[in-house]
Every structure is written in C-alpha cells, then in structure tokens.
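Undergrad: quick one: sequence plus predicted model below, questions after.
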Amino acid sequence: MNRIIKTISVLMIFSILVGAAYAQFAKPEDAIKYRKAVMTIIAQHFGRLGAMVKGKVPYDQKAFAGNAAVIKTVSVLPWEAFLSPGSDKGQTTMKSGVLKNPADFKALAQQFEMEVGKLSAVAKGGDFDAARAQFGAVAQSCKACHSKTRK
C-alpha cells in the first residue's frame with residue numbers, strides 16, 4: 001500500500017508539471033515516448049484491477065481504490081502528446097487520422113476520463129459489484145478509443 005501512496009504522490013507532482021511538458025515536445029519522438037510511458041502506467045494499474053475483477057487475485061478494497069486513484073490521476077496526461085504534430089509517424093500504433101480529427105479524439109479522451117472518475121469514486125465506496133461494473137465501462141471506453149485510433 002505504501003508503494004501506491006508513493007506512486008500517487010509522484011504522479012500528482014508529475015501532473016502539476018504536465019502543463020510545462022505539453023510545450024516541451026521538441027520532437028515527435030518525445031511526444032510518442034511520453035504518451036507510451038503514461039499508457040504503460042495506466043495499463044499496469046488497470047491490469048491489477050482486472051486481476052481482482054476476474055478473480056485471479058482476491059479483492060482488496062484499499063488496493064483497488066488506490067490503483068483506481070492512480071489511473072484517475074494519470075488519465076489526463078497523455079492526450080496532448082497524441083495531438084503533437086508528427087507524432088503519428090515512427091514507433092507508434094496511432095493512426096494518422098487522429099491528427100486530422102482532433103475533436104473526435106478529444107471526445108474519446110473525455111469519455112475515458114469521465115469513466116475513470118466514476119471508477120475511482122465507486123472504488124472508494126467498497127461495493128465490489130459496482131466497482132466491477134464500472135471497470136467494465138472503463139474497459140469499453142478503452143476499446144472504443146483503440147478501435148478508432150490504433151493501426
């Protein structure tokens with residue numbers, strides 16, 4: 001649990017500095033690395049929740065809520081890096097159409113953030129069935145975005 005608290009603290013500081021990071025993508029490769037790093041963090045914590053939801057590990061309300069909180073904290077970070085000019089080229093799975101339709105992409109990102117916010121709130125309450133249902137809603141928002149934006 002201490003690791004989760006430390007991770008949340010680091011990520012909160014990171015999120016404060018994110019405004020400066022948006023302006024610092026000097027090269028498209030920088031934006032790609034940035035968003036991959038954020039998505040790796042999201043995937044790691046979402047995978048921990050998924051293991052509980054699927055019954056692979058016992059449900060632990062505090063761990064579930066902590067992981068959901070981390071996802072909520074970082075859920076706002078990667079979007080600007082997706083819209084950085086030229087970041088659809090190179091080591092990425094992003095379709096170039098994302099840059100052509102930024103409003104569509106932003107709507108998908110907002111949907112994800114909204115669902116993650118709900119998940120974080122539900123996770124704090126300790127109702128596993130509600131948390132499992134909201135986990136599914138977040139997974140659907142991931143799938144919707146991936147199906148429209150990934151090669």
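TA: That came in fine, so what should we check first? Residues are numbered from 1 along each chain as shown.

Undergrad: next SSE downstream of the helix or strand of the chain with the lowest mean pLDDT?
TA: The helix or strand of the chain with the lowest confidence, counting by mean pLDDT, DSSP states H and E, is helix 2-22 at a mean of 62. Per DSSP states H and E, the first helix or strand lying C-terminal to helix 2-22 is helix 28-53.

Undergrad: chain center to that following helix, what's the gap?
TA: 6 Å (CA atoms, centre = their mean, to the nearest Å).

Undergrad: buried sites along that helix?
TA: By neighbour count on 16 or more other CB atoms under 10 Å, the buried set for helix 28-53 is 28, 31-35, 38-39, 41-42, 45-46, 48-49, 52-53. No exception for glycine: its C-beta is placed from N, CA and C like everyone else's.

Undergrad: these two touch, right, A63 and A69?
TA: No - taking contacts as CB atoms under 8 Å, A63 lies outside contact range of A69: 10.6 Å.

Undergrad: who's more crowded, those two?
TA: A69 (22 against 17; other CB atoms under 10 Å).

Undergrad: surely that one meets S120?
TA: Yes - A69 is in contact with S120 according to CB under 8 Å; the separation is 5.5 Å.

Undergrad: show me where pLDDT drops low in the protein?
TA: 1, 5-23 (pLDDT under 70).

Undergrad: and H146, how close does it get to V98?
TA: Separation of H146 from V98 (CB to CB, to the nearest Å) stands at 12 Å.

Undergrad: who has more neighbours out of these two?
TA: It is V98, of H146 and V98, that has more neighbours when counted by other CB under 10 Å, with 20 against 11.

Undergrad: immediately after the strand or helix carrying the more buried one, which helix or strand?
TA: Per DSSP H and E, V98 falls inside helix 97-100. Using DSSP H and E, the next helix or strand after helix 97-100 towards the C-terminus is helix 102-125.

Undergrad: list of residues touching that next one?
TA: Applying CB atoms under 8 Å, 6 or more residues apart in numbering, the contact partners of helix 102-125 are 61, 64-65, 68-69, 71-72, 75-76, 79, 82-83, 98, 130-131, 134-135, 137-138, 140-142, 144-145, 148-149.
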